[in-house]
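Participant: Build me a model from this:
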Amino acid sequence: MPESPPPRGPGRSLRIYLVRHGQSEWQLNPGDDLDMPLSALGHEQAALLADWCARRAPLDAGSRFDVGPLRTSPLRRARQTAAPLAAALGAGVNTQPSLSEAPYRVIGELPRADTPLTPPVGEVSARYREFRRQVRGALAELVESADGSGRPVLAVTHGGVIKTVLRVVAGTDAFCARLYNCGITALDWKEGIWRVAHVNLWDHLPPALRTT
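Facilitator: Numbering: from 1, shown residues only. Here you go, the predicted structure:
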């Protein structure tokens, strides 16, 4: 079983936004270079994300998007996604190494089940366990940032990181998620429990610009 998420007092609350970077050149032409920049479409996705966030767009009937601290993975595709967001919000962005992507396909490290309704068998790989520890550490840093600022924190990171965060808070490695470029995942800590508020929030992206 994965390690439990960072402990929080039941009477306190916070929100964390996790943004997958825009489409990268690697997604179009996979190769040995794992730190490639955004594609032209990826830059367009990032610009639309920045404009939507700066407008404090409505999330539902009673709340709007709001964010305080900004964090980014050190990899180029994440930093290039975070740059227009920081400019639009008039905010600085801090690089957080623990938000870096795994250098391999994470889904290949997860346990498998024989049927849709039976539990998975086997253990995750040693390298995935190490990556999971890294991601748990990243989540702890984001919790500290949101708690210290009193405002939601937004981190621009990678699909493998976000999916692993979801597995950490769920306490199981028995599922995966499909995430879109520049899609937003929102997690709330409230009343002593993690709540997944949004996965693939993509109101800022026209259907033709939604890529995985």
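
Participant: Now the closest residue to residue 24 other than its chain neighbours. Its backbone dihedrals?
Facilitator: Distances taken as CB to CB, 6 or more residues apart in numbering place residue 77 nearest to residue 24, at 4.2 Å, with adjacent residues excluded. Every C-beta, even on glycine, is put in place using the N, C-alpha and C of the backbone. Per-residue torsions, residue 77: phi -60, psi -30 (degrees, to the nearest 10).

Participant: count of residues packed around residue 77?
Facilitator: Around residue 77 there are 28 other residues, counting by other CB atoms under 10 Å.

Participant: And the pLDDT at it?
Facilitator: On pLDDT, residue 77 comes in at 98.

Participant: shouldn't it be in contact with residue 38?
Facilitator: Yes - using CB atoms under 8 Å, residue 77 is in contact with residue 38, at 5.4 Å.

Participant: and the longest strand for this protein?
Facilitator: Ranked by residue count under DSSP state E, the longest strand found in the chain is strand 193-201.

Participant: List the buried residues in that strand.
Facilitator: If you call a residue buried by 16 or more other CB atoms under 10 Å, then strand 193-201 has these buried ones: 194, 197, 198, 199, 200, 201.

Participant: and what of stretch 58-67?
Facilitator: Buried residues in stretch 58-67 (16+ other CB under 10 Å): 59, 65, 67.

Participant: sorry, back to before: now do the shared contacts for residue 77 and residue 38.
Facilitator: 21, 22, 24 (CB atoms under 8 Å, 6 or more residues apart in numbering).

Participant: Doesn't the second one belong to a strand?
Facilitator: What it means is residue 22. No - the assignment for residue 22 by DSSP: H, G, I helix; E, B strand; the rest coil gives coil, which leaves it out of any strand.
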